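Novice: take a look and give me a structure for this.
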Amino acid sequence: MVDLDCYCREGRDSYIAIGLEGSANKLGVGIIRHGKGAISPSNRAEVLANIRDTYITPPGEGFLPRDTARHHRNWVVRLIKQALQESGVGIDDIDCICFTQGPGMGAPLQSVVIAARAISVMWEKPLVGVNHCVGHIEMGREITGADNPVVLYVSGGNTQVIAYSHQKYRIFGETLDIAVGNCLDRFARTLKIPNAPSPGYNIEQLAKE
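Specialist: Numbers count the residues shown, from 1 in each chain. Okay, here's the model as predicted:
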């Protein structure tokens, strides 16, 4: 788990973090405020901004790392500015900068890392690398208030059963062939189902007809 309490300034009971995520074709910038201490029903993250832009390719086509990285480079500054504006938070209020360090697509991840490092230097804020998978799980814990869950983690590149044990998340089982998300993406490409807003969503809507 990522513990950001150490970045809480003296005399304050909460911290504000900005996070950059770009491990695949979706680029996101979020800003949260969180009280010190463990997640509990009375201590949940307050989402101040959640700005995203997705690199969309034509039906039947996937997204190449190089093109996806270019999209992220073109949009990341705009999304950071939008997030700050939406949240009403100033640069001086930010306590730390978080970024996805993996797993994910190499080139898009690199684009986000460079942006995170740049604003870390310019704003003189500490930089915190976050595991993509752990970020998804912690988000779920925040929403549900779950204390020590056994997680069925289903994403684009992973289908796993995960639980927290001995100071880290551990994988107790996973698919041996292809992750559910990748399976849906390939299915959509084969049938040339549109990628906007996402292949999985469009498959679901077609299945309801």
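Novice: which parts of the helix of greatest length in the chain are buried?
Specialist: In the chain, assigned by DSSP state H, the helix with the most residues is helix 65-87. Neighbour-count burial for helix 65-87 flags 65, 68-69, 71-73, 75-76, 79-80, 82-84, 87 (criterion: 16 or more other C-beta atoms under 10 Å). The way it works is simple: take the backbone N, C-alpha and C, and place the C-beta from them, glycine included.
Novice: and if you look at stretch 46-53?
Specialist: L48, A49, I51, D53.
Novice: alpha carbons of the longest helix of the chain, as CSV, please.
Specialist: Below are the C-alpha coordinates for helix 65-87, written out as CSV (Å, rounded to 0.1, in the frame of the first residue of the first chain):
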residue,chain,number,x,y,z
PRO,A,65,2.7,2.6,-27.8
ARG,A,66,4.5,5.3,-29.9
ASP,A,67,1.2,7.0,-30.9
THR,A,68,-0.3,6.7,-27.5
ALA,A,69,2.8,8.3,-25.9
ARG,A,70,2.5,11.2,-28.4
HIS,A,71,-1.1,11.7,-27.3
HIS,A,72,-0.1,11.8,-23.6
ARG,A,73,2.7,14.3,-24.3
ASN,A,74,0.3,16.5,-26.2
TRP,A,75,-2.4,16.5,-23.5
VAL,A,76,-0.7,16.2,-20.1
VAL,A,77,0.0,19.9,-19.5
ARG,A,78,-3.6,20.8,-20.4
LEU,A,79,-5.0,18.1,-18.1
ILE,A,80,-2.8,19.3,-15.2
LYS,A,81,-4.0,22.9,-15.7
GLN,A,82,-7.7,21.7,-15.9
ALA,A,83,-7.3,19.6,-12.7
LEU,A,84,-5.8,22.6,-10.8
GLN,A,85,-8.6,24.8,-12.0
GLU,A,86,-11.4,22.4,-11.2
SER,A,87,-10.1,21.6,-7.8
